[in-house]
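S.K.: give me a model of this one.
(one chain, ligands or ions: 2)
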Amino acid sequence: MRATEVFAPAKINLALHVIGQRADGYHLLDSLVVFAPVGDRLVIAPGRGLSLHVHGPEAAGVPADMGNLALRAAALLGGDAAVTLDKRLPSSSGIGGGSADAAAALRGMAALHGTRINDMQALALGADVPMCLGSRPVRVRGIGERLDPVTLPPVAAVLVNPRRPVSTPAVFKALQSRDNPSMPDRLPSLTDAPGLIAFLREMRNDLEAPARQVEPVINLVLTALEAQRGCTLARMSGSGATCFGLFAHEADAQAAAQRIGRAKPDWWVAGGVLGDQMQQAAPRLSQGIQ
Ligand SMILES: C[C@@](CO)(OP(=O)(O)O)[C@H](O)COP(=O)(O)OP(=O)(O)OC[C@H]1O[C@@H](n2ccc(N)nc2=O)[C@H](O)[C@@H]1O
Ligand SMILES: Nc1ncnc2c1ncn2[C@@H]1O[C@H](COP(=O)(O)OP(=O)(O)O)[C@@H](O)[C@H]1O
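M.R.: Ligands and ions are numbered 1, 2, ... in the order given. Now for the predicted structure:
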């Protein structure tokens, strides 16, 4: 058996409407989700027992024990494996790094041992894990279990995180209203980036206001993105603090990422085209390495 490398792309909530709350406290969501070309990388190799090694630029503070979602995911599918996680996404940042790692570990373990992934197993690891399993544009409802694939045009973006972790439960707790309007039942046909951006302008992230209260530096991040030439929409992803700016032209997005990176060397900044990351991830799944 050979090792498998799996890409764990960042999840971006282009819109995130909180439309209700279940009796167990979990919130009902209506969210439009895409994936970014930046992410963590896992190598799943045959091994004795189950082990995890975490390294990379964002590894500090990330648990390397059963607190790590990648290891929990691998354990859930059973079988031995040596998992190596190259951590590139900042933690607790609203782009689902831990969930993406869990989904990637499930895919890698399935490839290594020929096991099948069960959707309920994915959901048990976290509300974001089922959507990360596909890593394709999707409308997400329920608490994260109802997934409807959508066709969206690729759109250039800059992602900015101020390197302040934000607690998802703290942001949900600070939410003022839990019964906000959903997105339209039928999404319009969105065929180009300007059309997608115009539609998103009418949508919301209902967690943005409470997150700005919990972590006011998010205001600075949004202001920095809005000031960039060609940025037509700036919004927060998930429960924050990562925000994204959308651009009609990729060159403007690249220039903006460089400018913000120079002005704020302590912030995490990434640029790229949002959309379907499975096309890039799929070849890696079948590509055995050393
Ligand atoms: C808000 C979102 C939007 O995509 O993203 P992130 O900010 O985490 O990236 C997700 O719903 C987060 O999913 P995930 O981070 O997997 O959440 P979980 O581990 O299942 O739950 C963490 C905590 O968030 C709250 N929670 C989460 C999901 C949900 N639909 N309702 C909630 O109230 C609960 O307090 C829960 O205890
Ligand atoms: N593989 C992982 N990468 C990052 N954080 C992880 C991982 N596994 C578990 N965690 C824990 O999960 C929590 C949320 O992290 P993360 O998934 O990055 O948040 P978010 O979904 O807001 O981006 C953190 O407290 C972190 O310690």
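
S.K.: use CA for all of it now, contacts and neighbours both
M.R.: OK.

S.K.: which residues of this protein lie near ligand 1?
M.R.: 25-28, 94-96, 99, 126-128, 143, 168-169, 172, 238-240 (CA under 6 Å from any ligand atom).

S.K.: filter those by proximity to ligand 2?
M.R.: 94, 95, 96, 99.

S.K.: give the contact list for residue 94.
M.R.: 12, 166, 168, 237, 238, 239, 240, 241, 242 (CA atoms under 8 Å, 6 or more residues apart in numbering).

S.K.: in helices only, show me the residues you listed.
M.R.: residue 168 (DSSP state H).

S.K.: around ligand 2, which positions in the chain sit nearby?
M.R.: So the chain meets ligand 2 at 62-63, 67-70, 91-99, 101 (CA under 6 Å from any ligand atom).

S.K.: thinking residue 201 is in contact with residue 235, fair?
M.R.: No: contact between residue 201 and residue 235 fails when scored by CA atoms under 8 Å: they sit 9.5 Å apart.

S.K.: after whatever helix or strand residue 28 lives in, next one along is what?
M.R.: Assigned by DSSP states H and E, residue 28 belongs to strand 27-45. Using DSSP H and E, the helix or strand that follows strand 27-45 towards the C-terminus is strand 50-55.

S.K.: how distant is that next one from the center of its chain?
M.R.: Its chain's C-alpha centre and that of strand 50-55 lie 21 Å apart, by CA atoms, centre = their mean, to the nearest Å.

S.K.: over to stretch 206-214?
M.R.: How far stretch 206-214 lies from its chain's middle: 18 Å, per CA atoms, centre = their mean.

S.K.: can you give me the buried ones in it?
M.R.: Neighbour counts using 16 or more other CA atoms under 10 Å place 206, 207, 208, 209, 210, 211, 212, 214 of stretch 206-214 among the buried residues.

S.K.: how about the residues you listed in JSON lines, adding pLDDT and secondary structure?
M.R.: Output for the buried residues of stretch 206-214, formatted as JSON lines (pLDDT from 0 to 100; DSSP: H, G, I helix; E, B strand; the rest coil):
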{"residue": "206", "pLDDT": "98", "secondary structure": "coil"}
{"residue": "207", "pLDDT": "98", "secondary structure": "coil"}
{"residue": "208", "pLDDT": "98", "secondary structure": "helix"}
{"residue": "209", "pLDDT": "98", "secondary structure": "helix"}
{"residue": "210", "pLDDT": "98", "secondary structure": "helix"}
{"residue": "211", "pLDDT": "98", "secondary structure": "helix"}
{"residue": "212", "pLDDT": "98", "secondary structure": "helix"}
{"residue": "214", "pLDDT": "97", "secondary structure": "helix"}
